[in-house]
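> need a structure here:
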Amino acid sequence: MSSSTKAMGVLTVGTLVVVTAYTAALGSNGWLWFGWVVLGLVTIGVIASRN
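Residues are numbered from 1 along each chain as shown. Next comes the predicted model:
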C-alpha cells in the first residue's frame, strides 16, 4: 500500500472514532454517519484500485 492509501485508511478510522464519540456524547446525527459511510466506500475503492 502506498503512503497516501495508508493515510486515507487512518483518516477513515479516525473519523469513525470521532463520529462514534459525537454520537455517544450528543446523540446520533444521520449526516455524520452518511458522510462516514461515503468516506469508507471511497477508501475501499481506492484500496481495491491500487491492488
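
> Report the separation between the residue positioned nearest the centre of the chain and residue 33.
What sits nearest the mean C-alpha location of the chain, by C-alpha atoms, centre = their mean, is residue 12, with 2.7 Å. Distance from residue 12 to residue 33, counting by C-beta to C-beta, to the nearest Å: 13 Å. To be clear about C-beta, it is placed using only N, CA and C from the backbone, and glycine gets the same treatment.

> returning to what we had before: surely the residue nearest to the centre of the chain touches residue 38?
No - here residue 12 does not reach residue 38: they are 10.4 Å apart, not a contact under C-beta atoms under 8 Å.

> What separation is there between residue 24 and residue 41?
With distances taken as C-beta to C-beta, residue 24 is found 24 Å from residue 41.

> meant to ask about residue 21, not that
Summarising the geometry, the distance separating residue 21 from residue 41, computed by C-beta to C-beta, is 22 Å.

> check which helix or strand covers the residue lying closest to residue 8 once chain neighbours are set aside.
Closest residue in space to residue 8, ignoring its immediate chain neighbours: residue 43 at 5.1 Å, by C-beta to C-beta, 6 or more residues apart in numbering. With secondary structure defined by DSSP states H and E, residue 43 is part of helix 30-50.

> For that helix, name the packing helices and strands.
Counting contacts by 3 or more C-beta pairs under 8 Å, 6 or more residues apart in numbering; DSSP states H and E, helix 30-50 is packed against helix 3-26.

> quick one: the helix it packs on to chain centroid distance?
Offset of helix 3-26 from its chain centre (C-alpha atoms, centre = their mean, to the nearest Å): 5 Å.

> Just the C-alphas of it, formatted as CSV.
As requested, C-alpha coordinates have been extracted for helix 3-26 and formatted as CSV (Å, rounded to 0.1, in the frame of the first residue of the first chain):
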residue,chain,number,x,y,z
SER,A,3,1.5,6.1,2.0
SER,A,4,-1.5,8.0,0.6
THR,A,5,-3.6,4.9,0.8
LYS,A,6,-2.5,4.3,4.4
ALA,A,7,-3.2,7.9,5.3
MET,A,8,-6.7,7.6,3.9
GLY,A,9,-7.3,4.5,5.9
VAL,A,10,-6.1,6.2,9.1
LEU,A,11,-8.4,9.2,8.3
THR,A,12,-11.3,6.8,7.8
VAL,A,13,-10.7,5.0,11.1
GLY,A,14,-10.1,8.3,12.9
THR,A,15,-13.3,9.7,11.5
LEU,A,16,-15.2,6.6,12.8
VAL,A,17,-13.8,7.3,16.3
VAL,A,18,-14.9,10.9,16.2
VAL,A,19,-18.4,10.2,14.8
THR,A,20,-18.8,7.4,17.5
ALA,A,21,-17.7,9.8,20.3
TYR,A,22,-20.1,12.5,19.0
THR,A,23,-23.0,10.0,18.9
ALA,A,24,-22.2,8.9,22.4
ALA,A,25,-22.0,12.4,23.8
LEU,A,26,-24.6,14.3,21.9
